[in-house]
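Chemist: Dropping a prediction and its sequence here:
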Amino acid sequence: MPRAVVRSSSTAIPSKTLIVDNGGHTIKAGFATLNPTSAECRVIPNCIARGREGARSQRVYIADQLDDCKDFAEMAFRRPVEKGYVVNWDGEMDIWKQAFFNSDAKLHCDPSETNLILTETPNCPVALQHNCDQIVFEELGFASAYRCVGPPLNAYNDIPSLTGDEPSSVLPAECILVVDSGYTQTTVTPIIYGRPLHSAIRRLELGGKQLTNYLKELISLRHYGLMDDPYLVSQIKEDACFVSQDFKNDTEVAWKGNRSLRKQTTETVRSGIVQEYVLPDYLSTFRGHLRPLDPARNTPAARFGPDAASQAASAASREEFFPLGNERFVVPELIFTPSDIGMPQAGLAEVIVQSLSTLPAGLWPALLANVIVVGGNAKLAGFVERLERELRSLTPADCMLRVRSPEDPLTFTWLGGARLAGNADRLKKLVVTKQEYDENGANWTAQRYAAGPR
């Protein structure tokens, strides 16, 4: 075993701390301040993008360079994170260089004068953890670093303001159950005093990526071929999809059976479920939008013109759009019923109960009263309400149930890390310095991270 190291209380660490919530779709990053807010967090695409062969542009976009891209048609994306784990550090290094180390980077820093708080997915393989530590200390040379599971950082946020409890200055929060629904997976993590209960962590292999892929298939089958446009379909998902509170009824309302289009839309236009999505042309508009359904616009004559001549004359000015009906809610439904696409997994509510079933019953009331939903999928309208309703039917009636999501669930984990880093004494007990890493090696470093505060 590596020898124990006792750090002197006078050991100094840099005053600048970079917090990086390294997600599969985006990186949430920013520097720690005394009173951090979500506005200080930058959301950076965690990808390298390039136009496909034959596309109008072959330019390569790295990280936040994607903000300058105006035409996402047939764009190919290379992502270094798969299933929540960094598996391509060459690509990740290129992204970090663009985001943090280039002289013109908006979050520019000198690693030798910076502390790093870096998140990872729960139950990350040890080999990948060692590889990460090697990159952080040996390749990048950070002065000190703390690699941790992401969900526990939420315990350093103002949880009472979400649940309606009396304000408390005690951090971390005593008991919370974090549901993190991200790009490639959804994890359930019970947390006691800022420490994850690893044996109770559960994972659902569904996230935003799978929802986007399913929506691509539905749209390509029914309307337009968008299989090569994942970025556009992801925007459609964000703009149009919602979680149904009554799936059977919404399916009946949006049903497109043997009735004529005009009759069907007359009935559904009042419900607001079936709407039209207008595609961007990447000339004057760069993002699509929803608009109310107009049955008159969906007749063949309105969409294609009475004859070929008028169709050709109006081609330049005619917008591209299509109706979205049950696609809007059957896609997010996968998180609650994965069996709809043949996945042999329980839905999210059942996964939470599976996690709780591994814990003493005495912990259930505190955890169920503080269920915090974070991650990009938490932005879907109706997500929290549906989860709370399903959990209520599966949990003891005498337990208070509160399912809450912050105003910005995407950056909430980063905000917790920034608040953790704002306390210099607490941070000093968590980080491993480069000197300690060099002296004791990767195994000792991994043990220190697993042990938590010293």
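Modeler: Sure, I can see it.

Chemist: what's near enough to touch the closest residue to residue 340 other than its chain neighbours?
Modeler: Among residues not flanking residue 340 along the chain, residue 334 sits closest, at 5.9 Å (CB to CB, 6 or more residues apart in numbering). Bear in mind the C-beta positions are built from the backbone N, C-alpha and C, glycine included. Neighbour list for residue 334: 206, 210-211, 214, 340-341, 343 [criterion: CB atoms under 8 Å, 6 or more residues apart in numbering].

Chemist: And those, which two are furthest apart?
Modeler: Farthest apart among the contacts of residue 334 by CB to CB are 211 and 343. That separation is 12.5 Å.

Chemist: if you count what's nearby, which of the two comes out ahead?
Modeler: Per other CB atoms under 10 Å, whichever of residue 211 and residue 343 has more neighbours is residue 211, with 24 against 15.

Chemist: Would you tell me which helix is longest in this protein?
Modeler: Looking across the chain with DSSP state H, the single longest helix is helix 434-451.

Chemist: which helices and strands sit right next to it?
Modeler: Counting contacts by 3 or more CB pairs under 8 Å, 6 or more residues apart in numbering; DSSP states H and E, helix 434-451 is packed against helix 126-134, strand 144-149, strand 432-433.

Chemist: pLDDT (mean, whole number) over the first one?
Modeler: Over the span of helix 126-134, the pLDDT mean works out to 95.

Chemist: Name the residues that touch that helix?
Modeler: Helix 126-134 is contacted from outside by 85-87, 89, 118, 120, 145, 147, 437, 442-443, 445-446, 449, using CB under 8 Å, 6+ apart.

Chemist: Let's see that with 7 Å instead.
Modeler: 85-86, 89, 147, 437, 442, 445-446 (CB atoms under 7 Å, 6 or more residues apart in numbering).

Chemist: Then the shortest one?
Modeler: Taking CB under 7 Å, 6+ apart as the criterion, the residues outside strand 432-433 that touch it are 13, 143-145, 445, 448.

Chemist: what about 10 Å?
Modeler: 5, 7, 11-14, 115, 133, 136-137, 142-147, 439-440, 444-446, 448-449 (CB atoms under 10 Å, 6 or more residues apart in numbering).

Chemist: Off-centre distance for that strand?
Modeler: In terms of CA atoms, centre = their mean, to the nearest Å, the centre of strand 432-433 is found 29 Å from the chain centre.

Chemist: per-residue confidence averaged over that strand?
Modeler: pLDDT averaged over strand 432-433 gives 96.

Chemist: just stretch 160-171 next, same as before
Modeler: 86.

Chemist: From one end of it to the other, what's the distance?
Modeler: Counting by CA to CA, to the nearest Å, you get 11 Å between the two ends of stretch 160-171.

Chemist: For that stretch, which residues meet the burial criterion?
Modeler: 162-163, 171 (16 or more other CB atoms under 10 Å).

Chemist: for stretch 343-354, same thing?
Modeler: Buried residues in stretch 343-354, counted by 16+ other CB under 10 Å: 346-353.

Chemist: Let's have these in JSON lines, adding distance to residue 224 and secondary structure.
Modeler: Formatted as JSON lines, those follow (distance: CB to CB, whole Å; DSSP: H, G, I helix; E, B strand; the rest coil):
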{"residue": "346", "distance to residue 224": "34", "secondary structure": "coil"}
{"residue": "347", "distance to residue 224": "30", "secondary structure": "coil"}
{"residue": "348", "distance to residue 224": "30", "secondary structure": "helix"}
{"residue": "349", "distance to residue 224": "34", "secondary structure": "helix"}
{"residue": "350", "distance to residue 224": "35", "secondary structure": "helix"}
{"residue": "351", "distance to residue 224": "34", "secondary structure": "helix"}
{"residue": "352", "distance to residue 224": "37", "secondary structure": "helix"}
{"residue": "353", "distance to residue 224": "40", "secondary structure": "helix"}
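
Chemist: Tell me the one among those nearest to residue 362.
Modeler: The closest of the buried residues of stretch 343-354 to residue 362 turns out to be residue 353 (CB to CB; 16.3 Å).

Chemist: Does the closest one touch residue 200 like I think?
Modeler: No - in this structure, residue 353 is not within contact of residue 200 by CB atoms under 10 Å, at 11.3 Å.

Chemist: what's the overlap in contacts for these two?
Modeler: Common contact partners of residue 353 and residue 200 (CB under 10 Å, 6+ apart): residue 188.

Chemist: Can you name every helix or strand that the helix or strand harbouring residue 94 contacts?
Modeler: Following DSSP states H and E, one finds residue 94 within helix 89-96. Packing partners of helix 89-96 (3 or more CB pairs under 10 Å, 6 or more residues apart in numbering; DSSP states H and E): strand 16-22, strand 26-31, strand 42-45, strand 48-51, strand 60-62, strand 75-78, strand 81-82, helix 126-134.

Chemist: now these in CSV, with mean neighbour count and distance to residue 366?
Modeler: Formatted as CSV, the helices and strands packed on helix 89-96 follow (neighbours: other CB atoms under 10 Å; distance: least, CB to CB, whole Å):
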stretch, mean neighbour count, distance to residue 366
strand 16-22, 23, 26
strand 26-31, 23, 28
strand 42-45, 21, 32
strand 48-51, 19, 43
strand 60-62, 18, 44
strand 75-78, 16, 41
strand 81-82, 18, 33
helix 126-134, 15, 30
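
Chemist: what about residue 368, neighbour count?
Modeler: Residue 368, neighbours per other CB under 10 Å, totals 21.

Chemist: right, I mislabeled it, should have said residue 116
Modeler: Neighbour count of residue 116, defined by other CB under 10 Å: 22.

Chemist: and the host helix or strand of it, how far out from the chain's middle?
Modeler: Residue 116 belongs to strand 114-120 when assigned by DSSP H and E. Mean-position distance between strand 114-120 and its chain equals 18 Å (CA atoms, centre = their mean).

Chemist: ok so, going back, nearest to residue 154, of the buried residues of stretch 343-354?
Modeler: residue 352 (15.6 Å).

Chemist: Now render the buried residues of stretch 343-354 as JSON lines, adding distance to residue 371 and pLDDT.
Modeler: As requested, those are arranged in JSON lines below (distance: CB to CB, whole Å; pLDDT from 0 to 100):
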{"residue": "346", "distance to residue 371": "17", "pLDDT": "94"}
{"residue": "347", "distance to residue 371": "15", "pLDDT": "95"}
{"residue": "348", "distance to residue 371": "11", "pLDDT": "97"}
{"residue": "349", "distance to residue 371": "11", "pLDDT": "97"}
{"residue": "350", "distance to residue 371": "14", "pLDDT": "97"}
{"residue": "351", "distance to residue 371": "12", "pLDDT": "97"}
{"residue": "352", "distance to residue 371": "8", "pLDDT": "98"}
{"residue": "353", "distance to residue 371": "12", "pLDDT": "97"}
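
Chemist: residue contacts, residue 80?
Modeler: Residue 80 touches 22, 24, 46-48, 86-96, counting by CB under 10 Å, 6+ apart.

Chemist: can we see that at 8 Å?
Modeler: 46, 86-92, 95.
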